[in-house]
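Engineer: Next comes the sequence, and after it the predicted model I'd like to discuss.
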Amino acid sequence: ISTNKKNLFSVQIWTYKRTFFIRFLNFKTMATIKLALLKHTQAKDGTYKIRIAVGHKNTTHYIVTKYKVNSFSEFDNGIVIRLPNAHEINIKLRNLLNEYEERLDTIPNIDIYSGKELRDRLKSMHTRSSAITFAQISKQYQNELLEDGRNGYTSMLRNSLRLFTEYNNGDVYLNDISTSTIADFERYLRRKGLSQAYINMTLSMTRTIINRAIKQQLVTYQLHPFTYWKRAAEEEREIDVTVSDLQLIRDATPRLKKQRVARDIFMLSYYLGGINLIDLLAIDFRYIKVLEYIRHKSRNTKRSDKRISFTIQSEAKEIIDKWINKRTGRLDFGYKFSYKNFNLYITRAIKSLAKDVGVSNWQKVCYYSARKSFVQHGFDLGIPLEILEYCIGQSMKSNRPIFNYMKIMRKHADKAIRTILDNLKEEATI
């Protein structure tokens, strides 16, 4: 055989494989699947929907896809051309064609079906990956988080799903999400005027859902949708307060109860190593001198026990005794708010108190400022960052291998907290 004939023969074999057919014992029955465009199916807007042509028993029936071209000149031998996003569309069409080929491959006794029946059978089938949508995985994860009591993170995940669904005009199959989808989604979020921090959080949660689906083998990508996404730098949130400003909050004697409550909660967080509000409100303080807890945010997510343990200092004990419910051991401020509403209530109250007592940059003060200030003051005093991370329950960075062999004990935390609180006393006497 000449070289040209050999090449022609190879191309024909390749074409047969790509077209995909099934032969039976009599070698007469054949089913083919390919992409096609029909002239008589022009839509009102002048476009043509690309279809999957199912050939069987000398008949051809079609499955309509969501992909379209403006004219026949943009579709050549099963390939979209001349469109700016032609490459992306061709990849999706190739994946779709492969999916229908896989469905066809699983149908036994294909000869019993007519062409129309085969087409309908193929349409009604779903592979495992194609039947799974982004919202399904997101809601599954939300249910798991709710079972673990992580309501706050669930709420943020729900907002992320809402924005992604809003952008896509509805739910979307996982295998339809591409790098272009993520790039366009990021631009959509920017156009809405959201902060960079919120955009980063939303995209990170979107990536989390996609990664969960990949891990569960519900979808595969030749190119991960987040391959080209780079987390943009966020504006640094300078919400910590100076030692002197913290003293103004501590020594305030507000008339309003909400400001007194906010002052005590704010200072108690500072005295207890920057403890988060959700953790603070869950602690039973009866009969304990040493506080031991695992952060609510980290619970059920860490591979090892990230328990925080330190002695409750006298400054904290004084506030605890003031507000403790003797029956439950928890702090009781006489409110029946939900946690979310109480958090907002305290945030507004501490901000108004900071304004009233003359705190600089009072607009940025919130409950979380106590945690940020605790770390900043400790760092300014020369306390090693690893000890401060232990006090606030922050995971130690893996790029510090020397500290992998250091076990930070309670005594280190006690000494650090006492140093920070003594500094608050000393500066008050100057």
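Structural biologist: Done, it's in.
Engineer: Check which helix or strand residue 423 maps to.
Structural biologist: helix 410-428 (DSSP states H and E).
Engineer: And the contacts of that helix?
Structural biologist: Here helix 410-428 makes contact (C-beta atoms under 8 Å, 6 or more residues apart in numbering) with 243-244, 246-247, 250-251, 271, 273, 290, 308-311, 313, 315, 374, 377-378, 381, 383, 387-388, 390-391. No exception for glycine: its C-beta is placed from N, CA and C like everyone else's.
Engineer: Which strands and helices lie in contact with the longest strand seen in the chain?
Structural biologist: If you go by DSSP state E, the chain has its longest strand at strand 59-69. In terms of contacts (3 or more C-beta pairs under 8 Å, 6 or more residues apart in numbering; DSSP states H and E), strand 59-69 is packed against strand 48-56, helix 86-105, helix 115-124.
Engineer: Could you rerun that using 6 Å?
Structural biologist: With contacts taken as 3 or more C-beta pairs under 6 Å, 6 or more residues apart in numbering; DSSP states H and E, strand 59-69 sits against strand 48-56, helix 115-124.
Engineer: could you redo the ones you listed as CSV and give each row mean neighbour count, mean pLDDT and distance to residue 423?
Structural biologist: Shown next, in CSV, are the helices and strands packed on strand 59-69 (neighbours: other C-beta atoms under 10 Å; pLDDT from 0 to 100; distance: least, C-beta to C-beta, whole Å):
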stretch, mean neighbour count, mean pLDDT, distance to residue 423
strand 48-56, 21, 94, 70
helix 115-124, 16, 86, 71
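Engineer: Just put these in a markdown table and tack on distance to residue 72.
Structural biologist: Below are the helices and strands packed on strand 59-69 laid out as a markdown table (distance: least, C-beta to C-beta, whole Å):
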| stretch | distance to residue 72 |
| --- | --- |
| strand 48-56 | 7 |
| helix 115-124 | 23 |
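Engineer: Nearest approach to residue 180 belongs to which of the ones you listed?
Structural biologist: Of all the helices and strands packed on strand 59-69, it is strand 48-56 that lies closest to residue 180, at 17.9 Å by C-beta to C-beta.
Engineer: How about residues contacting the closest one?
Structural biologist: Here strand 48-56 makes contact (C-beta atoms under 6 Å, 6 or more residues apart in numbering) with 31-37, 42, 60-65, 67-69, 100, 115, 118-119.
Engineer: Also stretch 341-348?
Structural biologist: 262, 265, 277, 366, 367.
Engineer: of these, closest to residue 79?
Structural biologist: residue 366 (55.8 Å).
Engineer: Quickly find the element holding the closest one.
Structural biologist: Per DSSP H and E, there is no helix or strand for residue 366.
Engineer: Burial check on it, number of neighbours?
Structural biologist: If you count neighbours by other C-beta atoms under 10 Å, residue 366 ends up with 19.
Engineer: Against residue 328, how distant is it?
Structural biologist: Residue 366 sits 27 Å away from residue 328, going by C-beta to C-beta, to the nearest Å.
Engineer: ok, back up a step: residue 286: which of the helices and strands packed on strand 59-69 is closest?
Structural biologist: Of the helices and strands packed on strand 59-69, nearest to residue 286 by C-beta to C-beta is helix 115-124, at 61.8 Å.
Engineer: mean confidence for the helix or strand following that closest one?
Structural biologist: Once the chain leaves helix 115-124, the next helix or strand it forms, by DSSP H and E, is helix 134-147. Averaging pLDDT along helix 134-147 yields 88.
Engineer: Over to stretch 164-176?
Structural biologist: 90.
Engineer: Just the CA trace of it, in CSV.
Structural biologist: In CSV, the C-alpha atoms belonging to stretch 164-176 read as follows (Å, rounded to 0.1, in the frame of the first residue of the first chain):
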residue,chain,number,x,y,z
PHE,A,164,-23.5,31.9,41.5
THR,A,165,-27.1,30.9,40.6
GLU,A,166,-28.0,34.5,40.0
TYR,A,167,-25.1,34.9,37.6
ASN,A,168,-25.9,31.7,35.7
ASN,A,169,-29.7,32.5,35.5
GLY,A,170,-30.4,29.3,37.4
ASP,A,171,-28.6,26.1,38.4
VAL,A,172,-25.8,24.7,36.3
TYR,A,173,-24.4,21.3,35.7
LEU,A,174,-21.0,20.8,37.1
ASN,A,175,-19.4,19.7,33.8
ASP,A,176,-20.6,22.9,32.2
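Engineer: picking up where we left off before, of the helices and strands packed on strand 59-69, which is nearest residue 201?
Structural biologist: Using C-beta to C-beta, the helices and strands packed on strand 59-69 put strand 48-56 closest to residue 201, at 36.9 Å.
Engineer: tell me the angle the closest one makes with strand 59-69.
Structural biologist: Calculated by axes from the mean of the first three to the mean of the last three C-alpha atoms, to 10 degrees, strand 48-56 forms an angle of 160 degrees with strand 59-69.
Engineer: ok now strand 48-56, how far from the chain's centre?
Structural biologist: In terms of C-alpha atoms, centre = their mean, to the nearest Å, the centre of strand 48-56 is set 37 Å apart from its chain centre.
Engineer: likewise stretch 372-389?
Structural biologist: Taking mean C-alpha positions (C-alpha atoms, centre = their mean), stretch 372-389 and its chain are 29 Å apart.
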